[in-house]
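Visitor: Need a 3D model of the following:
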Amino acid sequence: MGMIARAFDFSLGNRNLNNPDVPLQSAGQYLWDGVGGGTADSGAPVTQTSSMRLSAVYRCVRVLADSMGSLPLFVMRRQKPRGRVKATDHPLYPLLHLSPNVRHTSYSFRSVLQANVVLQGNGYAGIRRDRGGRIRDLWPIPATRVEVDPKPDGSVVYQVTVDGRRQAWGSEEILHIPGMGFDGVKGLSVLQAAREGIGLGLSLQKYGANVFSRGGRVPGVIQTDRPKLDDETRKNVAAGWDSSVGGVDNWHRPAIFPKGWEYKEIGIKPDDGQWVESKKLQILEICRYFGVNPHKVFGEWPATYANFEHSSLSHVIDTIQPWVICWEQELTRKLLTPAEQEEFFIAFYLQGLLRGDTAARGQFYSTGRQWGWLSANDVRELEDQTDIGDQGDIYLVPFNMQDAAQVNASALPTPAPTRTTLPAVPAPLSSRVVQPAPEQRSSKFLKLRRRIRAAQRPLIEDRAALILKREIGAIEKELKKLTGSDGRNRRDLTSLRAAIDEFYSTHDAWSAEKMKTVLLGFAQLLEGTVADELNQEAKDDLSPAMEKFTRDYLERFGKRHASEGRLQILALIDEHEAAGDEEVAAELQQRLDEWGKKRSGKIADNETVRFSSAGVKTLYLFGGVTVYRWAANPGACDFCQSLDGKIAGVQQNFVNAGEGVDGGPDSEGKLTPSDNIGHPPLHGSCFCDVVPG
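Guide: A predicted model of the protein is given here:
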């Protein structure tokens with residue numbers, strides 16, 4: 001049996017502290033014995049065993065232990081630029097979430113440690129590692145077997161009793177959850193701090209038991225007019241009294257005295273001594289020491305639905321959350337290396353305390369859905385249900401909560417002109433362009449479309465991030481084969497190119513499928529807005545023509561995205577091939593890191609404008625509008641401002657391929673697109689629109 005297992009084995013030489021000749025029968029019994037708080041002034045001995053016989057103490061310990069044991073515990077991975085996900089692939093995940101060793105579940109492990117902390121002031125667990133330094137399992141160690149030995153250099157050594165001998169364990173071998181203390185090293189025992197309160201509660205409990213064991217009679221004296229009684233008579237009278245009316249079985253029998261004898265009470269009745277009130281007060285007193293709300297110990301306290309709800313919230317915030325932080329920081333500090341802590345952390349999920357409250361869960365989920373930080377699939381995952389597909393990944397955004405600056409279409413960023421390769425549109429049949437005077441552009445329909453576009457942008461960015469996650473993951477997997485240490489399976493650059501081509505051959509269709517739900521919803525919003533603008537009847541469902549347009553657009557989007565990614569990767573390989581595999585891998589990884597930080601946002605900016613403009617122009621054509629006007633966004637760049645008010649017919653482009661756009665005297669030359677521009681965007685950061693001409 002290993003050292004840690006022996007330290008936890010309760011069968012090796014442990015004896016009941018109340019009776020050393022009686023061996024302990026369970027870990028639970030050993031936990032409740034040990035050094036307690038001593039003897040209270042009321043005369044009651046305060047030990048772990050005696051304290052746990054007091055219902056308020058038992059319930060307080062049970063509440064805290066059960067709360068920490070029942071909370072879901074996860075290893076989390078930080079996401080960039082924000083957010084977090086469960087790191088189910090981390091080796092610690094199953095240890096903390098399911099079972100830390102072969103003997104315990106995660107619940108029993110944490111509840112035992114927390115019970116030690118609550119009563120003894122400290123909870124300890126041994127950390128067992130393999131030869132490579134990886135954590136294999138965690139074993140709780142009774143607090144009575146551990147002494148903390150702080151050293152002058154700031155380090156801490158734990159003296160653990162194993163097989164009757166003390167052994168020195170390093171700080172990295174012990175998980176230490178301390179209670180409140182004053183030296184920052186070791187927590188104080190609640191039993192010692194609450195000795196008088198617990199002792200009084202035990203005395204009240206014993207007093208009540210004694211009173212009712214006598215049938216509820218208070219102490220008294222038997223008086224007689226006889227001047228003197230010998231000892232034998234006294235003993236006979238007392239024995240006769242006990243046999244006649246003493247105990248719980250005889251309390252109802254009448255007492256029969258000879259003439260001249262009578263019984264007189266001299267004790268205080270429980271009602272006069274406010275015994276019940278004192279017991280209630282001690283429940284409150286004990287709850288104060290343990291930091292538990294009285295309603296959690298089932299005390300009879302005045303409560304309404306409103307204050308009970310807030311008391312439950314107070315329990316989470318004031319009682320459980322400090323323990324959660326203590327656990328999280330110690331688990332993260334001791335179980336994760338400094339390098340791992342930059343990416344991972346260990347956290348409890350406090351919402352687990354609300355699982356039993358259907359109304360609270362419903363309100364929580366409803367708020368999350370309404371304000372856009374929970375999707376239907378997020379809710380179903382929290383309820384342990386399967387997802388409903390891509391449709392369930394949509395995040396809703398209320399229109400009335402958009403940035404006021406965006407509603408007025410006046411705060412969109414001023415883009416820097418860039419020359420990018422834009423997709424081809426049908427070549428013009430005529431190059432004749434009419435340039436009328438600009439008209440007022442801030443109509444309510446243009447404002448509404450811009451609000452819709454702003455609301456759809458985070459949804460598109462979310463889908464783009466998902467697409468990029470798959471793309472980056474697949475390429476990184478191939479890079480590991482390129483730089484792997486296994487010579488037999490190591491991949492060369494030729495094989496890498498082939499693998500890249502194979503991945504991107506299907507990535508376009510996969511990307512289009514992932515973006516489908518968002519763009520179909522976007523199209524329905526645009527169709528309703530344009531119908532109102534043209535005084536046409538809006539339909540409940542997307543029209544077949546607009547649905548076909550959207551599906552065609554999705555196909556082009558998938559091919560455009562996959563082609564752009566593939567060409568970037570292959571170009572980097574070609575550029576750095578002469579420098580060797582390691583240089584190629586480094587450059588590719590740098591590009592993938594840039595994708596992870598910025599590319600999803602760029603895709604969202606470009607696709608919201610591109611789909612909105614192309615979709616609106618198509619809807620105008622369905623509605624009979626054949627002349628369109630370029631509407632530059634206020635604050636747009638000089639190149640877009642130069643196109644503001646420009647008119648183009650249905651078969652014309654606003655800018656032909658190779659035609660330079662003059663941004664004025666302040667611009668550095670002309671912006672020359674390589675493709676025809678039939679609608680915005682003109683460049684990568686363009687937020688312009690088209691309106692009827």
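Visitor: what domains does the record give for this protein?
Guide: 220-266, 356-389, 399-692 (automatic domain parsing).
Visitor: Pick the most buried one from these.
Guide: Most buried of the domains of the chain, by mean neighbour count (mean count of other Cβ atoms under 10 Å): domain 399-692, with a mean of 17. All C-beta atoms are positioned from the backbone trio N, CA, C, and that covers glycine.
Visitor: Now that one: average pLDDT?
Guide: Computed over domain 399-692, the mean pLDDT rounds to 79.
Visitor: can I assume residue 185 sits in a helix?
Guide: No - in this structure, residue 185 is coil, not part of a helix, as judged by DSSP: H, G, I helix; E, B strand; the rest coil.
Visitor: centre of the chain versus the helix or strand hosting residue 555, how much separation?
Guide: Per DSSP states H and E: residue 555 is located in helix 544-576. Its chain's C-alpha centre and that of helix 544-576 lie 35 Å apart, by Cα atoms, centre = their mean, to the nearest Å.
Visitor: rewinding a little: distance to residue 173 for the domains of the chain - can I get that in TSV?
Guide: Putting the domains of the chain into TSV (distance: least, Cβ to Cβ, whole Å) gives the following:
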stretch	distance to residue 173
domain 220-266	55
domain 356-389	36
domain 399-692	31
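Visitor: I'd like to know which of these is closest to residue 60.
Guide: Of all the domains of the chain, domain 356-389 sits nearest to residue 60, with 19.6 Å by Cβ to Cβ.
Visitor: Just give me how far the closest one sits from the chain centre.
Guide: Distance, centroid of domain 356-389 to centroid of chain: 13 Å (Cα atoms, centre = their mean).
Visitor: returning to that earlier point: and of the domains of the chain, who's closest to residue 132?
Guide: Taking Cβ to Cβ, domain 399-692 is the member of the domains of the chain nearest to residue 132, at 16.2 Å.
Visitor: sorry, back to before: name the next helix or strand downstream of the helix holding residue 555, please.
Guide: For helix 544-576, the succeeding helix or strand toward the C-terminus, using DSSP H and E, is helix 581-594.
Visitor: So which elements touch the helix or strand just after that next one?
Guide: Using DSSP H and E, the helix or strand that follows helix 581-594 in sequence is helix 600-622. If contacts are counted by 3 or more Cβ pairs under 8 Å, 6 or more residues apart in numbering; DSSP states H and E, helix 600-622 sits against helix 444-483, helix 493-533, helix 544-576, strand 689-692.
Visitor: returning to what we had before: what angle do the helix holding residue 555 and helix 600-622 make?
Guide: Relative orientation of helix 544-576 versus helix 600-622 (axes from the mean of the first three to the mean of the last three Cα atoms, to 10 degrees): 150 degrees.
Visitor: you'd agree residue 537 is in a strand?
Guide: No - assessed with three-state DSSP, residue 537 is coil; it does not lie in a strand.
Visitor: who touches it in this structure?
Guide: residue 531 (Cβ atoms under 8 Å, 6 or more residues apart in numbering).
Visitor: Relative to residue 654, how far out is it?
Guide: Counting by Cβ to Cβ, to the nearest Å, the gap from residue 537 to residue 654 is 30 Å.
Visitor: what about the strands in the stretch 51-200 of the chain?
Guide: Listed in chain order, the strands of the stretch 51-200 of the chain (DSSP state E, counting those that start in this stretch) span 73-78, 84-86, 122-129, 135-141, 146-150, 156-162, 165-170, 174-178.
Visitor: Taking strand 165-170 as reference, get the angle to the longest one.
Guide: It refers to strand 122-129. Using the same axes, to 10 degrees: strand 122-129 against strand 165-170 is 70 degrees.
Visitor: Strand 122-129 packs against which elements?
Guide: Strand 122-129 makes packing contacts with helix 3-8, helix 106-120, strand 135-141, strand 146-150, strand 174-178 when contacts are defined by 3+ Cβ pairs under 8 Å, 6+ apart.
Visitor: Out of those, which gets nearest to residue 190?
Guide: The closest approach between residue 190 and any of those, judged by Cβ to Cβ, belongs to helix 106-120 at 6.2 Å.
Visitor: Leaving out sequence neighbours, find the closest residue to residue 286.
Guide: Nearest residue to residue 286 in three dimensions, chain neighbours excluded: residue 56, at 4.3 Å (Cβ to Cβ, 6 or more residues apart in numbering).
Visitor: Let me fix that, I meant to ask about residue 68.
Guide: Spatial nearest neighbour of residue 68, excluding adjacent residues (Cβ to Cβ, 6+ apart): residue 114 at 4.2 Å.
Visitor: Hmm, residue 326 is touching residue 177, no?
Guide: Yes - shown here, residue 326 and residue 177 form a contact pair, counting by Cβ atoms under 8 Å, at 6.2 Å.
Visitor: Who has more neighbours out of the two?
Guide: Just comparing residue 326 and residue 177: by other Cβ atoms under 10 Å the higher neighbour count belongs to residue 177, 22 against 18.
Visitor: count of neighbours near the residue nearest to residue 68?
Guide: 22.
Visitor: Roughly how far does it sit from residue 156?
Guide: Going from residue 114 to residue 156 by Cβ to Cβ gives 21 Å.
Visitor: Equivalent analysis for residue 327, please.
Guide: To residue 156, residue 327 is 18 Å away according to Cβ to Cβ.
Visitor: what about those two, which has more around it?
Guide: Applying other Cβ under 10 Å to residue 327 and residue 156 shows that residue 327 carries more neighbours, namely 23 against 15.
Visitor: hang on, the more buried one packs against residue 176?
Guide: No - Residue 327 is beyond contact range of residue 176, at 11.0 Å (criterion: Cβ under 8 Å).
Visitor: could you dump stretch 470-486 to PDB, C-alpha only?
Guide: Coordinates of each C-alpha in stretch 470-486 appear next as PDB, following Å, rounded to 0.1, in the frame of the first residue of the first chain:
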ATOM      1  CA  ARG A 470     -11.700  23.900 -37.300                       C
ATOM      2  CA  GLU A 471      -9.400  25.400 -39.900                       C
ATOM      3  CA  ILE A 472      -6.700  26.300 -37.400                       C
ATOM      4  CA  GLY A 473      -7.000  23.000 -35.600                       C
ATOM      5  CA  ALA A 474      -6.600  21.000 -38.800                       C
ATOM      6  CA  ILE A 475      -3.500  22.900 -40.000                       C
ATOM      7  CA  GLU A 476      -1.900  22.700 -36.500                       C
ATOM      8  CA  LYS A 477      -2.400  19.000 -36.500                       C
ATOM      9  CA  GLU A 478      -0.500  18.700 -39.800                       C
ATOM     10  CA  LEU A 479       2.200  21.000 -38.500                       C
ATOM     11  CA  LYS A 480       2.800  18.600 -35.600                       C
ATOM     12  CA  LYS A 481       3.500  15.900 -38.100                       C
ATOM     13  CA  LEU A 482       5.900  18.200 -39.900                       C
ATOM     14  CA  THR A 483       8.000  18.900 -36.800                       C
ATOM     15  CA  GLY A 484       7.300  15.600 -34.900                       C
ATOM     16  CA  SER A 485      10.200  13.700 -33.300                       C
ATOM     17  CA  ASP A 486       9.100  10.400 -34.800                       C
END
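Visitor: circling back to that earlier point, can you say which of the domains of the chain is nearest to residue 295?
Guide: Closest of the domains of the chain to residue 295 is domain 356-389, at 14.3 Å (criterion: Cβ to Cβ).
Visitor: Thanks a lot, see you next time.
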